[in-house]
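> Sequence and predicted structure, then a few things I'm wondering about:
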Amino acid sequence: MFKITPNPPSTDAADSTSSRTDSKKLDEAATRALDYYLKPPAEKETSDAIDTLFIIAPNIDAECLLANLSETLASANAMVSDLAFDLEGSRRHVALGVQQMIELGQLLANRALDVVEVRQNVR
């Protein structure tokens, strides 16, 4: 007579031990994978981790920062002014408005730089 279903797998002691070991390894691998993809990362201290592309060195004094800000604004002012004179109509007015805001920022930075220089000379 032909048997329709196959015989069940053998349950030798050696087979069950290796099966438990394999099962444990698979559980550990699954836990590592889930932790990697789903577990939120531990909080990093801001002093140890740099999450930005550009940073400013923390030991730079205010005078140096303001001087660089003033120079950066002067460069942006020159670029926008050059662009504005190549434009016409409402686009030119927009570029000149941006140029004026940069100019005001540059004036504020220069004034702050003057205040910092005065405070350093008083000490």
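Done, it's in.

> Would you map the helices across this protein?
Counting by DSSP state H, the segments of the chain that form helices are 13-38, 62-84, 90-122.

> Deepest-packed of the ones you listed, please.
When you average the neighbours per residue for each of these (mean count of other Cβ atoms under 10 Å), helix 62-84 leads with a mean of 15. No exception for glycine: its C-beta is placed from N, CA and C like everyone else's.

> sorry, back to before: using a markdown table, lay out the helices of the chain together with distance to residue 54 and mean pLDDT.
Below are those laid out as a markdown table (distance: least, Cβ to Cβ, whole Å; pLDDT from 0 to 100):
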| stretch | distance to residue 54 | mean pLDDT |
| --- | --- | --- |
| helix 13-38 | 29 | 79 |
| helix 62-84 | 12 | 91 |
| helix 90-122 | 19 | 88 |
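
> So which of the ones you listed is nearest residue 6?
Judged by Cβ to Cβ, the one of the helices of the chain that comes nearest to residue 6 is helix 13-38, at 16.4 Å.

> so can I have CSV of the helices of the chain showing distance to residue 55?
Shown next, in CSV, are the helices of the chain (distance: least, Cβ to Cβ, whole Å):
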stretch, distance to residue 55
helix 13-38, 28
helix 62-84, 13
helix 90-122, 20
